[in-house]
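1. Sequence first, predicted coordinates after that:
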Amino acid sequence: ACLEEIAYSQQWLSTEQVAKRAELMVKNSYGQYLLSLLEGQE
């Protein structure tokens, strides 16, 4: 598990905060993974 994933699951980070972090890393697999987490939550 990644830090953002843990923080998101514990509600320490909001969906918007995770999305902003993912957008900064959208060109790599880590950013894509964060986006996939959010897509599964909608």
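-> Arrived safely, thanks for sending.

2. Next up, the contacts around the residue most central in space within the chain.
-> Against the mean C-alpha coordinate of the chain, by Cα atoms, centre = their mean, the closest residue is residue 34 at 3.3 Å. Residue 34 makes contact with 2, 4, 5, 18, 19, 21, 22, 25 under the criterion Cβ atoms under 8 Å, 6 or more residues apart in numbering. C-betas here are computed from N, CA, C, even on glycine.

3. try residue 7
-> Residues in contact with residue 7 (Cβ under 8 Å, 6+ apart) are 13, 18.

4. at 6 Å instead, please
-> residue 13 (Cβ atoms under 6 Å, 6 or more residues apart in numbering).

5. Could I get the buried residue list for the helix or strand it falls within?
-> In this assignment (DSSP states H and E), residue 7 forms part of helix 3-9. By neighbour count on 16 or more other Cβ atoms under 10 Å, the buried set for helix 3-9 is 4, 8.

6. packing partners for the helix or strand following it?
-> Per DSSP H and E, the first helix or strand lying C-terminal to helix 3-9 is helix 15-24. Applying 3 or more Cβ pairs under 6 Å, 6 or more residues apart in numbering; DSSP states H and E, one finds that helix 15-24 contacts helix 3-9, helix 29-41.

7. Give me the distance from the helix holding residue 7 to the chain's centre.
-> Centroid separation for helix 3-9 versus its chain: 7 Å, with Cα atoms, centre = their mean, to the nearest Å.

8. ditto for stretch 35-42
-> From the chain centre to the centre of stretch 35-42 is a distance of 8 Å (Cα atoms, centre = their mean).

9. What are the contacting residues of it?
-> 19, 22.

10. do that again at 8 Å, thanks
-> With contact meaning Cβ under 8 Å, 6+ apart, stretch 35-42 is reached by 5, 8, 15, 18, 19, 22, 26.
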